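S.K.: Would you be able to build a 3D model of this:
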Amino acid sequence: RVSSVLNRDAKQFGKKHMFDGSEETCWNSDQGTCQWVTLDFPRTVKVSQLHIQFQGGFSSRLCTLEGCRAGEELVKISDLYPEDINAMQISFAAFQVEETVLDKLKITFENSTDFFGRIVVYHLGVLGERL
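M.R.: As a prediction, this is how the structure comes out:
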């Protein structure tokens with residue numbers, strides 16, 4: 001799930017584009033503060049890395065990671081401070097993510113570098129292992 005899609009045009013800017021492996025497509029949020037992405041995993045996972053690629057000028061200065069096991073409330077895992085660049089950012093290089101066991105992960109983009117609060121993500125990857 002995502003907080004919003006630019007002009008509600010899911011075909012062109014929908015969440016699926018973060019995971020399709022294409023450099024031509026992206027998720028583009030609508031304007032507004034605190035955009036977010038929630039990932040519900042079909043099985044419990046141990047997350048060890050987060051990969052994210054923003055469009056420069058439409059990134060987040062602060063990302064808050066929250067997670068939980070099935071049936072539990074989200075709890076804060078960590079804050080990440082990505083760079084405002086087009087390149088892929090990997091958790092162990094650009095920011096740290098502690099290995100965490102969870103069924104649900106929420107990434108909140110607290111501070112957009114865009115004046116209107118829009119976020120553009122070309123690639124989002126969560127690496128780890130299934131438990």
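S.K.: make it CA atoms for all contacts and neighbour counts henceforth
M.R.: Noted.
S.K.: Assign A70 to helix, strand or coil.
M.R.: The three-state label given to A70 by DSSP: H, G, I helix; E, B strand; the rest coil is coil.
S.K.: I'd assumed D103 was in contact with it.
M.R.: Yes - taking contacts as C-alpha atoms under 8 Å, A70 lies within contact range of D103: 5.7 Å.
S.K.: The two: which has the busier surroundings?
M.R.: Higher neighbour count among A70 and D103: D103, with 21 against 14, using other C-alpha atoms under 10 Å.
S.K.: Show the subsequent helix or strand relative to the helix or strand of the chain with the lowest mean pLDDT.
M.R.: The weakest-scoring helix or strand in the chain, judged by mean pLDDT, DSSP states H and E, is helix 91-94 (a mean of 52). Later in the chain than helix 91-94, the nearest helix or strand by DSSP states H and E is strand 100-109.
S.K.: for the chain, what's the longest strand?
M.R.: As assigned by DSSP state E, the longest strand anywhere in the chain is strand 35-54.
S.K.: And it, how far out from the chain middle?
M.R.: 7 Å (C-alpha atoms, centre = their mean, to the nearest Å).
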